[in-house]
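Participant: need a 3D model of the sequence below.
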Amino acid sequence: MRIAPLTGLRGIAAIAVMIYHIPHNPAFAAWDLTLFSRAYLCVDLFFILSGFVISLGYYERVVKRLGPASYGDFLVNRIARVWPLHLVVALVFAARFLLNVSGEQTVALTPANIVANLMMVQSWGWGTQALAGNSWSVSTELVAYLAYPLVALLAFSRLAWLQAAGSVGLLLLVAWLGQGSRGPLDVNDGATILPVLRCLAGFSLGVIAYRLVQDARIERWLGGEHGFIAACLAIAAALIVPGGDVLVVVAFVPLVMACYYNGHVARAVMANPVSFHLGLISYSIYLWHPLVRDVFARGMSVAHRKGFAGDDWAFVLATYLVTWLVCWASYKLIEVPGHRAVKRIERRFTEAPPTLHEAAERA
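Facilitator: A predicted model of the protein is given here:
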C-alpha cells in the first residue's frame, strides 16, 4: 500500500540532503545555502518514515502473525529492497578509491571494511567505515529491521509511552554526547554505537506514529488541511531554536502522520508528479549524489587550472541534472530488478516441491 504524500515526502527529504551535501566538497563551498544547513536531520526523517511505512505494510502480516516464516519473509523483503543498490554503490565507490576517480582516498580498502560493507553492517559500532559515506544509515536500518517485531510489540502495548520517552531520551543522549560534526544529531561515525541508537530512536517513533494515526482523535487534529500546515509550521519553529535538533525530529512525527491522512494540501505539495517521482528514486539519490558531486567538483577544478572560470554555476547545474539521470537509471536498472531477483531466489528456496498428484497433473 503506497500513500503518495509519504513517497513524495521521502523525495523532498532526499533532495534536501543532496543540497546540504553539495557544498561539503570545497570546490562547491560557495554554494552553501543557510536554509539547508540542518538538512542532515532529514536522515532522521528517513528513519521515522521507515518505521511508519514498514508498519503500514507489515504490522498485520508480521507482528500479528509472528513466526519464523512471516519474520523471515519480512527480512528478505527488506533486504531485497535495500541490499542490491547498496552492494552496487559500495563496489563503485571501492573502484573509485582504487582508480582515484574523484581525487581523494577517504576510506581504506581493508578486508574488514570490505566484508562489513558487503554484509551491510559497516556502521554497527565496531570501527569499520562505509565505502559510500551515506550508506552508514542504510547499515543502521538493518538493525531496526532485525528488531522490528520487538519495536512494534512495544509500540502497540501499554508501554508505548515509555518507548516514546525512551526514544526521545536516546536522541537527547546522542545530541548531548557532542559527537555531531555539523550539529548535535549529525552523528554518523561507525566507530561508535551512536548512529545505531539514532536510527532506532527515529524508527521507533515512526512505529508509534503508525499506532497513533489509527486514533480518531489524532485524525481530527492532524487530518485535513490544517494538520499538514500546522506540522510544517512546527518544524519551522523548531528549526529556529539553536541546537534544537531533537525538537525538529519530534516535529517530524506529526508531519508524517499528516501526510498519511492524505489531505489536499499534503497531496499538492508531496504527491505532485515531481515530488512523487523524486520519492520513487530517493534511495538512489541518497546513495549516488556524493559520487556525482565529487566527479563534477574535480572536473571544475581541472577547468579552473586550464584557465576556464566564471561558469561554476554550469558545473553545479550539471551535478543536479546528472544526479537525476543516474538515479532514474539506477532505480529502473538496479533497484527494481534487484528486488525481483532476490525475491526469485527466495521463492526458489522456500516453495514447497510439488506433490506426486500435482506433478502428475502438470505432466
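
Participant: after the helix or strand harbouring L146 comes which helix or strand?
Facilitator: Taking DSSP states H and E as the criterion, the element that holds L146 is helix 135-155. Where DSSP H and E defines the elements, the next helix or strand beyond helix 135-155 is helix 160-176.

Participant: using PDB, list the CA coordinates for that following helix.
Facilitator: C-alpha atoms of helix 160-176 as PDB (Å, rounded to 0.1, in the frame of the first residue of the first chain):
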ATOM      1  CA  ALA A 160       4.200   2.700  24.200                       C
ATOM      2  CA  TRP A 161       4.500   5.900  26.200                       C
ATOM      3  CA  LEU A 162       7.700   4.600  27.800                       C
ATOM      4  CA  GLN A 163       9.100   3.600  24.400                       C
ATOM      5  CA  ALA A 164       8.300   7.100  23.100                       C
ATOM      6  CA  ALA A 165      10.000   8.700  26.100                       C
ATOM      7  CA  GLY A 166      13.000   6.400  25.700                       C
ATOM      8  CA  SER A 167      13.300   7.200  22.000                       C
ATOM      9  CA  VAL A 168      13.400  10.900  22.700                       C
ATOM     10  CA  GLY A 169      15.800  10.200  25.500                       C
ATOM     11  CA  LEU A 170      18.100   8.300  23.100                       C
ATOM     12  CA  LEU A 171      18.100  11.300  20.800                       C
ATOM     13  CA  LEU A 172      18.900  13.600  23.600                       C
ATOM     14  CA  LEU A 173      21.800  11.400  24.700                       C
ATOM     15  CA  VAL A 174      23.200  11.200  21.200                       C
ATOM     16  CA  ALA A 175      23.000  15.000  20.900                       C
ATOM     17  CA  TRP A 176      24.400  15.600  24.400                       C
END
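
Participant: other SSEs contacting the helix or strand just after that helix?
Facilitator: Sequence order places helix 194-212 as the next helix or strand after helix 160-176, per DSSP H and E. Contacts defined by 3 or more CB pairs under 8 Å, 6 or more residues apart in numbering; DSSP states H and E place helix 194-212 against helix 42-58, helix 135-155, helix 160-176, helix 245-261. (Glycine included, C-beta is placed from N, CA and C.)

Participant: what angle separates the longest one from helix 42-58?
Facilitator: Using axes from the mean of the first three to the mean of the last three CA atoms, to 10 degrees, the direction of helix 135-155 lies 50 degrees away from that of helix 42-58.
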